[in-house]
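S.K.: how does the following fold in three dimensions:
(chains A and B)
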Number of protein chains: 2
Amino acid sequence: MSIDDITGPAAAAAPVWRTSDAATRAGWLEAVADALTAHADELVEIADRETRLGATRLRGEVGRTTGQLRLFAEVVREGSAFELTVDDADPDATPPRPELRRLLVGVGPVAVFSASNFPFAFSVCGGDTASAWAAGNPVIVKAHSGHPELSRRTAEVAIAALRAAGAPEGSLALVEGREAGNALVQHPAVAAAGFTGSLSGGRALFDLASGRPDPIPFYGELGSVNPVVITPAAVAARGDQLAQGLVGSFTLGVGQFCTKPGVVFVPADAGFEQRVADAVTGAAGGVLLTDRITAAFPDGIAHLTADASVEVVGFGAETADGARPVVLATDAAAVAERAATLLEEVFGPVTLLVRYTGDDELRAALAAVPGSLTATLHAEDGDEVAGTLELLQQRAGRVLFAGWPTGVAVTWSQQHGGPWPATTSLHTSVGATAIRRFLRPVAYQDAPDALLPAPLRDASLAHLPHRRNGILVLP
Amino acid sequence: MSIDDITGPAAAAAPVWRTSDAATRAGWLEAVADALTAHADELVEIADRETRLGATRLRGEVGRTTGQLRLFAEVVREGSAFELTVDDADPDATPPRPELRRLLVGVGPVAVFSASNFPFAFSVCGGDTASAWAAGNPVIVKAHSGHPELSRRTAEVAIAALRAAGAPEGSLALVEGREAGNALVQHPAVAAAGFTGSLSGGRALFDLASGRPDPIPFYGELGSVNPVVITPAAVAARGDQLAQGLVGSFTLGVGQFCTKPGVVFVPADAGFEQRVADAVTGAAGGVLLTDRITAAFPDGIAHLTADASVEVVGFGAETADGARPVVLATDAAAVAERAATLLEEVFGPVTLLVRYTGDDELRAALAAVPGSLTATLHAEDGDEVAGTLELLQQRAGRVLFAGWPTGVAVTWSQQHGGPWPATTSLHTSVGATAIRRFLRPVAYQDAPDALLPAPLRDASLAHLPHRRNGILVLP
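M.R.: This is a model prediction of the structure:
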């Protein structure tokens, strides 16, 4: 099957999706959610075989995935995402002002690149797909090679559900292999792309998308070290709890979350290193997602320990065939000097403690931290944190003041993105506003009511949040 | 002065702008508007000398420019542009949900590339600058070589006004020359760029911005042929009026508006061509903006008339030293075949009539029209326009049903952008939502109230539009 056989039906489906009314479109998303729930046992069994993530985690992830689809159905029905805006005509203005009505509509067929580490929530029917559908677009998914059978079966289930719900042919398609993925972002029918994966893979696709004769937006979530800062007062107040929390977070899912705390700034003389060494002893590692990731993990650690400043603080439990958790340490001066080496993301259960003495040393090192999805500050009342917080805010999309960055609630206010290389764009890939990535604005000037897109007609506006002559109006 | 001497103060000013409260930031924009008004006589005199656009037009443009600054001050005060969003903690959820608060903040120093054809409204203190400031960012403007003295004087006036209003040094800077512009989009301190100009110039800068080690968003408004479709019934009902309207629009500003109707689909046998030939006789041309544009105009016409299908329908009045309006014509079959040649934008007072017979021929030609800022449909009640309208909506950011596309009201619902090559992005460069281009989202998880950005504190939310637990709340 050629790429045109895939993109043709998607292009034909695009106007149907774009002009679908909210109830119908939301129903399509919910039909897929229902089908995934109905097929959960079968899908989890395949997923566990292919990813080794375990049935419990995978079942939870199916729940998150259907939850995302249902949240986006709600976003579609609620309507503010489409930014309905009306300015009435003003014949007395100089020059006379025409009537203008504006909304956001689907941009066209969207290419979605699946992630290895979320075989449901960021794969065939994951967050990128859900938000692209909610925006009113057909989706073509590039399957991840780490779970091909799951990708195919999930697509079958979703396509059957969409068909049964009355969605057009071409609403969802699946391609496999790097070549197909490259062809997809360069195909004239594809209007935007969403990606979750490695910096190198994402950069290559970004360059293809940007290099087209007609560049398209490429929303990549690429890599993140997720800095954590712990103050001396926080160690004094709850050092053991912090050490245990850190170990729990960086080993969660065998260290394969985008939001894994990869670099932790700790006071040099507070004994926190030893607490982490104690906490990591006995922490479970596990089998990594793919052979490629399995091979890259020791390479990543070797790359770090090749730096003379880096030492091993402690190990987790030995595992027969998996990755063993490891905690490394260096000092802030080394990070400030050699951030490109020391702050490269290593996928898997490893974290790097960075000892600092005083705020000046801390901030010089923080200034070298690359853009990240998250930044976490553990401080106590009375700590003077304004300068540190400013640096963290500049570098991250989500700033946490308690807890740990792993765990990403899918809500209206969630934000999963950040300065490069966390993401390529000024948008989130998780949460309600992820829909904005796949929408484009269109305005209608002096349009007859019957020729307006349905949501912009006066009868519709009465039931939808909109802005009229600058004033927000709720239904 | 090196580029670092320019970007350094901008980078230092960025946190001040980002954290400025709404009243203060809005006041800075209004201070610039007041200063431009106060210096209008002087600035218009320089502008007229450099651009030859005439004092009347230029005085009006100063008004539009100050109006834009005041609209964005209103956008800042109103607050919805910052998408304040709160999800309260839910300890009973599985897993327990933390509190999340999200807003949009300034992305950092913005590079703005001035346009030749709007020496005020899309230059030093134009729409890109106003929206970047409103978003909370310092701005570095690359002056257009067509009006260097005006650029320098406008920057002086604005910088003095900003200083007097208490804005930080580095809030606005000016660079000149292509080299400086190229350096700007590649400089690590620059976080985004706005551009209005030619496809070739914009593409080159887009490639530089996208090719950075850390790519930045580049918002370019590059080129647009602005298709117009006139039905046989519309010609029958108001042919003379349409012919006169068309001539008025394509010759307005000597044909140098981005929204000039450059290609007009007209019924082959309705006698419309002759009406346009009559209407254009005596239409005034004029001196073009720059020597480069003056030289390119006859080249562009020669490029079109080199196609065997193209003939000259009529000319406007001869001018001593300016461009003479000209109307060309071809047929729909030629456009469907050779759109890349026939539908290239030609800056200046020329438009191309495209004769069609029947809807099939019309739609085959429309399918070849590149992305445009606007598309205009002149039809009568009873015309079957759904298929045509679908094609126009796919290709344009603003669809007009009466009037002509020149003239762009600066309002909340305005949309000035469209599929490539109209613009590079899914955003508008005119109207209130232009601010979104220069904002990035940040979320705060379980933050103490005192450490939140001021707009996200409970005391502020009471006075600002926001979303709480999924529900929009108005103050």
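
S.K.: quick one: neighbours of residue A:474, just the number.
M.R.: Residue A:474: 12 surrounding residues under other Cβ atoms under 10 Å in any protein chain shown. C-betas here are computed from N, CA, C, even on glycine.

S.K.: quick check: it touching residue B:472?
M.R.: Yes - counting by Cβ atoms under 8 Å, residue A:474 does reach residue B:472; the two are 5.9 Å apart.

S.K.: can you pull the residues that touch both of those two?
M.R.: Shared contacts of residue A:474 and residue B:472, defined by Cβ atoms under 8 Å, 6 or more residues apart in numbering or on different chains, comprise residue A:465.

S.K.: and the strands in the stretch 301-450 of chain A?
M.R.: A:311-315, A:326-331, A:350-356, A:372-378, A:396-400, A:439-445 (DSSP state E, counting those that start in this stretch).

S.K.: got the ones you listed as JSON lines, with mean neighbour count, mean pLDDT and distance to chain B columns?
M.R.: As requested, the strands of the stretch 301-450 of chain A are exported to JSON lines (neighbours: other Cβ atoms under 10 Å in any protein chain shown; pLDDT from 0 to 100; distance: least, Cβ to the nearest Cβ, whole Å):
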{"stretch": "strand A:311-315", "mean neighbour count": "16", "mean pLDDT": "96", "distance to chain B": "27"}
{"stretch": "strand A:326-331", "mean neighbour count": "23", "mean pLDDT": "98", "distance to chain B": "23"}
{"stretch": "strand A:350-356", "mean neighbour count": "25", "mean pLDDT": "98", "distance to chain B": "19"}
{"stretch": "strand A:372-378", "mean neighbour count": "28", "mean pLDDT": "98", "distance to chain B": "8"}
{"stretch": "strand A:396-400", "mean neighbour count": "27", "mean pLDDT": "97", "distance to chain B": "4"}
{"stretch": "strand A:439-445", "mean neighbour count": "25", "mean pLDDT": "97", "distance to chain B": "4"}
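
S.K.: would you turn the ones you listed into TSV with distance to residue A:163?
M.R.: TSV is the format used below for those (distance: least, Cβ to Cβ, whole Å):
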stretch	distance to residue A:163
strand A:311-315	52
strand A:326-331	49
strand A:350-356	45
strand A:372-378	36
strand A:396-400	37
strand A:439-445	25
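
S.K.: chain B contacts on the stretch 51-200 of chain A?
M.R.: Residues of the stretch 51-200 of chain A lying near chain B by Cβ under 8 Å from any Cβ of the partner chain: A:74, A:78, A:80, A:83, A:85-87, A:93, A:95, A:97-98, A:100-102, A:105, A:107, A:192.

S.K.: give me the domain ranges for chain A.
M.R.: A:3-222+A:423-473, A:227-400 (automatic domain parsing).

S.K.: quote the end-to-end distance of the shortest one.
M.R.: Taking Cα to Cα, to the nearest Å, domain A:227-400 runs 10 Å from one end to the other.

S.K.: next: the first one.
M.R.: Start-to-end span of domain A:3-222+A:423-473 (Cα to Cα) is 45 Å.

S.K.: quick one: distance of that domain to the chain centre.
M.R.: In terms of Cα atoms, centre = their mean, to the nearest Å, the centre of domain A:3-222+A:423-473 is set 14 Å apart from its chain centre.

S.K.: try the last one
M.R.: Mean-position distance between domain A:227-400 and its chain equals 21 Å (Cα atoms, centre = their mean).

S.K.: what values do phi and psi take at the spatially closest residue to residue A:357 that is not a sequence neighbour?
M.R.: Nearest residue to residue A:357 in three dimensions, chain neighbours excluded: residue A:268, at 4.7 Å (Cβ to Cβ, 6 or more residues apart in numbering or on different chains). When quoted as degrees, to the nearest 10, the phi and psi of residue A:268 stand at phi -70, psi -40.

S.K.: do residue A:180 as well
M.R.: phi -60, psi -40.

S.K.: what sits against it?
M.R.: Residue A:180 makes contact with A:3, A:142 under the criterion Cβ under 8 Å, 6+ apart.

S.K.: so how far is residue B:140 from it?
M.R.: For residue A:180, the distance to residue B:140 (Cβ to Cβ, to the nearest Å) stands at 42 Å.

S.K.: contacting residues around residue A:231?
M.R.: Each residue near residue A:231 by Cβ under 8 Å, 6+ apart is listed here: A:267, A:378-380, A:383, A:385.

S.K.: what pLDDT is listed against it?
M.R.: pLDDT recorded at residue A:231 is 97.

S.K.: against residue A:359, how distant is it?
M.R.: Plainly put, residue A:231 is 9 Å away from residue A:359 if you go by Cβ to Cβ.

S.K.: alpha carbons of the helix or strand containing residue A:65, as PDB, please.
M.R.: Per DSSP states H and E: residue A:65 is located in helix A:55-78. Below are the C-alpha coordinates for helix A:55-78, written out as PDB (Å, rounded to 0.1, in the frame of the first residue of the first chain):
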ATOM      1  CA  ALA A  55      -0.600  -5.800  33.500                       C
ATOM      2  CA  THR A  56      -1.400  -3.400  36.500                       C
ATOM      3  CA  ARG A  57       0.400  -0.400  35.000                       C
ATOM      4  CA  LEU A  58      -1.000  -1.200  31.500                       C
ATOM      5  CA  ARG A  59      -4.500  -1.500  32.800                       C
ATOM      6  CA  GLY A  60      -4.200   1.800  34.500                       C
ATOM      7  CA  GLU A  61      -2.800   3.300  31.300                       C
ATOM      8  CA  VAL A  62      -5.900   2.100  29.400                       C
ATOM      9  CA  GLY A  63      -7.900   4.000  31.900                       C
ATOM     10  CA  ARG A  64      -5.900   7.100  31.400                       C
ATOM     11  CA  THR A  65      -6.200   6.800  27.700                       C
ATOM     12  CA  THR A  66     -10.000   6.400  27.700                       C
ATOM     13  CA  GLY A  67     -10.100   9.300  30.300                       C
ATOM     14  CA  GLN A  68      -8.200  11.500  27.800                       C
ATOM     15  CA  LEU A  69     -10.600  10.600  25.000                       C
ATOM     16  CA  ARG A  70     -13.500  11.500  27.300                       C
ATOM     17  CA  LEU A  71     -11.900  14.700  28.500                       C
ATOM     18  CA  PHE A  72     -11.500  15.800  24.900                       C
ATOM     19  CA  ALA A  73     -15.100  14.900  24.200                       C
ATOM     20  CA  GLU A  74     -16.000  17.300  27.000                       C
ATOM     21  CA  VAL A  75     -13.600  19.900  25.600                       C
ATOM     22  CA  VAL A  76     -15.400  19.600  22.200                       C
ATOM     23  CA  ARG A  77     -18.900  20.000  23.800                       C
ATOM     24  CA  GLU A  78     -17.900  22.800  26.100                       C
END
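
S.K.: quick check: next helix or strand after that helix?
M.R.: Once the chain leaves helix A:55-78, the next helix or strand it forms, by DSSP H and E, is strand A:85-87.

S.K.: what mean pLDDT does that next one have?
M.R.: Mean predicted confidence for strand A:85-87 is 97.

S.K.: note down every partner strand of that strand and its orientation.
M.R.: Paired strands of strand A:85-87, with direction, are strand A:100-106 (antiparallel), strand A:466-468 (parallel) (DSSP bridges).

S.K.: go through stretch A:118-133 and flag the buried ones.
M.R.: Residues A:118-133 are the ones in stretch A:118-133 that count as buried (16 or more other Cβ atoms under 10 Å in any protein chain shown).

S.K.: one more: stretch A:459-474?
M.R.: Neighbour counts over stretch A:459-474 (16+ other Cβ under 10 Å) mark A:460-461, A:464-468, A:472 as buried.

S.K.: near residue A:384, how many other residues are there?
M.R.: Counted with other Cβ under 10 Å, residue A:384 comes out at 9.

S.K.: correction: residue A:169
M.R.: 15.

S.K.: good, wrapping up.
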